[in-house]
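[1] Quick one, fold the following:
(one chain, ligands or ions: 1)
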Amino acid sequence: MKVAIVGAGASGLFLGGLLSNSETEVTIFDGNEKCGKKIFITGKGRCNITNACDNETYLSNIVNGEKFMRSAISKFTPFDTINFFEEQGLAVKVERGNRVFPVSDKSSDVIKALENYCRNAEIKLHEKVVAIKPQSDKFLVKTEKSSYTFDKVVIATGGKSYSATGSSGDGYKFAKMLGHNVVSLVPALVPIELKDKVSDMQGLPLKNVTLYAVADGKKYSFFGEMLFTDIGITGPIVLTMSSYINRAKNVDLYIDFKPALSEEQLDARLLREFEAGKNKTLFNILRTLLPKNFIKFFLSKAELNEQRQANSITVMERRMLKTLLKHFPLAYKGLYPIDAGVVTSGGIDLKDVNPSSMESKIHKGLYFIGEVLDVDCLTGGFNLQIAFSTAYACGQAIIKEVKNV
Ligand SMILES: Cc1cc2nc3c(=O)[nH]c(=O)nc-3n(C[C@H](O)[C@H](O)[C@H](O)COP(=O)(O)OP(=O)(O)OC[C@H]3O[C@@H](n4cnc5c(N)ncnc54)[C@H](O)[C@@H]3O)c2cc1C
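    Alright, predicted model coming up:
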């Protein structure tokens, strides 16, 4: 049985190893000069391989495709991923939030482990696939260099973001040509652009805040840390937010700077601050409540002068300050472009893919694994786990078929 895998990324390499170590003739194609270019940049170069959590926790971190992933994740769990890498000689450690990293903190060691696992597969680098055509019960795979015939083809071409790593969206084109529906592609885990001018605050972190949004009438809220960029906001809670609002048409975005306090408690706190510092400027009063470099922007929305003395602030103005501290509006412009997304939302429509084998329901012998599928998760190692679990399900199904031949 001859199997082609298109893409030598996380899912393609893992599947290549699985199959080639089970007496299947495997050829992996990649347009790049080396394997796993996207893995190299994961986890800021440290590669957050997976998340050491139980299956239910894993599934609760899936934004799209939770039902589809149930079968694959039960066949190959995050703990199976950990065991797999340890068996390959890669020591791993678990950090905050159950994030799993190599002890070496080097993503290149993850790539080496996968390449070593794949040593019995033929890897054709610098060989981009340009077309896949069904030919009776086989497939013709055309590359920039040649044409080949295979019994089965697995599309493992990844998403459409960070295209410099090679994942430029070819898998979606192949799928469409083969009759598959592709759910429209939008960025996920991506920074947010604002209409507000925020360049003066670039790099400023806001900690222990709640970012909330009303997107097409639905409310989402996330507590934690965010920071300003030259044109918007990023950081953990912003990336998470982006994955939920990326298809919404109308988005209103707010920051709650004092999520632990009710409106009444905050009003009482403000009253105390104003009474204790009657002769202080408004700027100095706010320094106890907000980061110094944020106050100018804050007061521009309040339309109050920072030099006003505390004892000149009226009750109405104090209430407005309280409201702004609980519901500070950010002028949402949109998400950063798809290339800036950590992952792509959308992709191969799951209704045409068998969740236990990843085989196309349209073409027998055609499979989809990894990010090319319409599945996306939050940050924490959950996305690479999609690649490993879907590759495993696909691999087991092919191996079973080979054994029965
Ligand atoms: C900056 C960044 C950080 C990330 N950090 C993490 C993290 O720490 N943890 C985590 O879980 N996830 C992380 N992710 C997400 C994770 O990297 C991806 O979800 C994962 O790599 C997807 O695996 P894949 O095999 O589907 O695709 P990829 O790993 O993207 O591999 C696809 C491969 O297909 C090849 N290819 C594409 N088209 C063709 C073609 N026509 N012919 C031949 N080859 C082709 C590409 O060159 C590429 O090598 C991160 C992503 C980014 C962008």
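[2] doesn't residue 361 make contact with residue 178?
    No: in terms of CB atoms under 8 Å, residue 178 does not count as a neighbour of residue 361; the distance is 11.6 Å. (C-beta placed from N, C-alpha, C; glycine too.)
[3] and these two? which has more neighbours close in?
    The neighbour comparison of residue 178 against residue 361 (other CB atoms under 10 Å) goes to residue 178, with 18 against 11.
[4] The closest residue to residue 317 other than its chain neighbours: what secondary structure?
    Of all residues beyond its chain neighbours, the one nearest residue 317 is residue 304 (6.5 Å), with distances taken as CB to CB, 6 or more residues apart in numbering. Classification of residue 304 by DSSP: H, G, I helix; E, B strand; the rest coil places it in coil.
[5] now residue 304: how far from the ligand?
    40 Å (CB to the nearest ligand atom, to the nearest Å).
[6] what's that residue in contact with, if anything?
    282, 313, 317, 321 (CB atoms under 8 Å, 6 or more residues apart in numbering).
[7] Please apply the same query to residue 117.
    Under the criterion of CB under 8 Å, 6+ apart, the neighbours of residue 117 are 13-14, 16-17, 21, 88.
[8] quick one, what contacts the closest residue to residue 157 other than its chain neighbours?
    Among residues not flanking residue 157 along the chain, residue 171 sits closest, at 3.2 Å (CB to CB, 6+ apart). Each residue near residue 171 by CB under 8 Å, 6+ apart is listed here: 6-7, 155-158, 347-348, 368, 372.
[9] go again using 6 Å as the cut-off
    Counting by CB atoms under 6 Å, 6 or more residues apart in numbering, residue 171 touches 155, 157, 372.
[10] quick one: which helix or strand includes it?
    Assessed by DSSP states H and E, residue 171 sits inside helix 170-177.
[11] And that helix, what's buried?
    Residues of helix 170-177 classed as buried by neighbour count (16 or more other CB atoms under 10 Å): 170-172, 174-175.
[12] mind giving me JSON lines with those residues and columns for pLDDT and distance to the ligand?
    Conversion of the buried residues of helix 170-177 to JSON lines gives the following (pLDDT from 0 to 100; distance: CB to the nearest ligand atom, whole Å):
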{"residue": "170", "pLDDT": "98", "distance to the ligand": "3"}
{"residue": "171", "pLDDT": "98", "distance to the ligand": "6"}
{"residue": "172", "pLDDT": "98", "distance to the ligand": "10"}
{"residue": "174", "pLDDT": "98", "distance to the ligand": "8"}
{"residue": "175", "pLDDT": "98", "distance to the ligand": "12"}
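[13] nearest spatial neighbour of the residue of the stretch 101-250 of the chain found nearest the ligand, skipping sequence neighbours?
    Going by CB to the nearest ligand atom, the ligand is nearest to residue 166 of the stretch 101-250 of the chain, at 2.1 Å. Setting aside the residues directly before and after it, residue 166 is nearest to residue 32 in space (CB to CB, 6+ apart), at 4.6 Å.
[14] mind checking which helix or strand the one you found is in?
    Counting by DSSP H and E, residue 32 is held by no secondary-structure element, helix or strand.
[15] how many neighbours does it have?
    Per other CB under 10 Å, the neighbour tally for residue 32 reads 19.
[16] go on, the one 10 residues further on?
    When neighbours are defined as other CB under 10 Å, residue 42 has 23 of them.
[17] Spatially nearest residue to it (excluding sequence neighbours)?
    Closest to residue 42 by CB to CB, 6+ apart is residue 107, at 5.6 Å.
[18] can you check residue 386 too?
    Per CB to CB, 6+ apart, closest to residue 386 is residue 375, 5.4 Å.
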